[in-house]
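> Please work out how this folds:
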Amino acid sequence: MEHSQTDICLDGPTADGLDRIGLALADPIRRDILVRLGSGSECPSDLAEAIGTSRSNVSNHLACLRGCGLVTAERAGRHLHYQLVSESFASALRTLLAVAADLPTCNSGPSVQHGRPQ
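Numbers count the residues shown, from 1 in each chain. Reported below is the predicted structural model:
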């Protein structure tokens, strides 16, 4: 798919949005949270159990993701349920996951698995 110069504008707000998404995806815990929320809303305790970390760790990462404008929270009784900020973000994340799954193995530089150098 070709884009003309007017289709894509990397202005200040767009660059800031990409930076926030990139920083979120660069952290393994935040990346796992975002991927899980791509399937629907979840509460911190369920996220913590699924990811294999503490609830307080997940809550700290969720606060970061909320501050970046990538997730929102809704109260359901005594619990907060988190979801991705929009369906367009969820769709973009699913597309990015499909692209990442199809990438060839990187043979240059240090090997990286799950965000950590090997």
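> which stretch of helix or strand covers the most centrally placed residue in the chain?
Nearest to the geometric centre of the chain sits residue 34, at 3.7 Å (CA atoms, centre = their mean). When secondary structure is defined by DSSP states H and E, residue 34 falls within helix 28-37.
> State the next helix or strand along the chain beyond that helix.
Counting by DSSP H and E, the element after helix 28-37 in chain order, helix or strand, is helix 44-51.
> packing partners for that following helix?
The elements that helix 44-51 packs onto, with contact taken as 3 or more CB pairs under 8 Å, 6 or more residues apart in numbering; DSSP states H and E, are helix 28-37, helix 55-67, strand 79-84. (Each C-beta comes from the backbone N, C-alpha and C, glycine too.)
> can you redo the ones you listed as JSON lines with distance to residue 92 and mean pLDDT?
Output for the helices and strands packed on helix 44-51, formatted as JSON lines (distance: least, CB to CB, whole Å; pLDDT from 0 to 100):
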{"stretch": "helix 28-37", "distance to residue 92": "11", "mean pLDDT": "97"}
{"stretch": "helix 55-67", "distance to residue 92": "15", "mean pLDDT": "96"}
{"stretch": "strand 79-84", "distance to residue 92": "10", "mean pLDDT": "95"}
